[in-house]
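[1] task: produce atomic coordinates for the following.
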Amino acid sequence: MDAIRIEKIVRSRRRTIALVITPDARLVVRAPLKAPVAMIDEFVQKQHGWIRKKVAEMKGRPQALAHAYEEGEIFWFLGRSYPLYIVDDAGAGVQRTDRLCVSCTIKPDIRSVIQRWYIAEAAKEIHSRCMWFSMITGYSPASVRITDARQRWGSCTHKGGLNFSWRLIQAPLEIVDYVIVHELVHLKQPDHSRKFWAKVDAIMPDYKRRRMWLRENERLLRI
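    Numbers count the residues shown, from 1 in each chain. Predicted structure coming up:
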């Protein structure tokens, strides 16, 4: 039996070991701070079959396209596709109509300009949706931050703050809402126990369908 390669071990105050298969089919282990390496290796080997299965599934999912940032390329925003369009207007910056319009004057720095635009739009939309769900659930985060995370759509800090990757704003709004609810519930239930999922289900009864969409399409959102 071939040995399983661990790409990274992430230690935290968690109590149990968890396995994560990243969108590029690599294994990341989340482990307690003092968990011995031997214990982690043993756990990974026991899950050999599950890991192989999940790696194969991940490799079979839609592949992300590498952007060259050329006119006509598709960019996603809240689940809708927008072809990139270069305009002559020097003051246009980045504008979203039926296309994603970018001024020709910023073309040399187009990648970072578009990323900053995504970050700004994500900050507005995610903060607004987070406050809405906070109001109806009573779960109030200490802060809401937009990050450049590539492997995690959202996270909850031990101080009660919520973090969300700006890349999430490419997904349909119902998927954004699922990630927000997921992280809000973590404010009260830090694990992924039955109690956690029961709380998610009470807020969003169709969360499984939304979670499945994200798992099957997450590669499309990684630019």
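
[2] okay, buried residues for the helix or strand of the chain with the lowest mean pLDDT please.
    Ranking every helix and strand in the chain by mean pLDDT, DSSP states H and E puts helix 48-59 at the bottom, with a mean of 86. Buried residues in helix 48-59, counted by 16 or more other CB atoms under 10 Å: Ile51, Lys54, Val55, Met58. C-beta coordinates here come from the backbone N, C-alpha and C atoms, glycine included.

[3] ok, stretch 162-173 next?
    Buried-residue list, stretch 162-173, by 16+ other CB under 10 Å: Leu162, Asn163, Phe164, Ser165, Trp166, Arg167, Leu168, Ile169, Gln170, Ala171, Pro172.

[4] give me the secondary structure label for the first one.
    Right, the one you point to is Leu162. strand (DSSP: H, G, I helix; E, B strand; the rest coil).

[5] mind pulling up the pLDDT for it?
    Listed pLDDT for Leu162 reads 96.

[6] please verify my assumption that it contacts Val144.
    Yes - look at Leu162 against Val144 with CB atoms under 8 Å: they come within range, at 5.2 Å.

[7] now for those two: what residues contact both?
    Cys130 (CB atoms under 8 Å, 6 or more residues apart in numbering).

[8] can you name the residues in contact with stretch 75-84?
    So stretch 75-84 is contacted by 67, 69-74, 96, 98-100, 102, 114, 118, 121, 125, 169-173, 175-176, 220-221, 223 (CB under 8 Å, 6+ apart).

[9] repeat for stretch 14-25
    Under CB under 8 Å, 6+ apart, the answer for stretch 14-25 is 7, 27-32, 35, 39-40, 43-44, 47, 50-51, 54-55, 58-59, 61, 64, 151, 191, 218-219, 222.

[10] can you say which of those residues are buried?
    27-31, 35, 40, 43-44, 47, 51, 54-55, 58, 218, 222.

[11] thanks again, I'm all set now.
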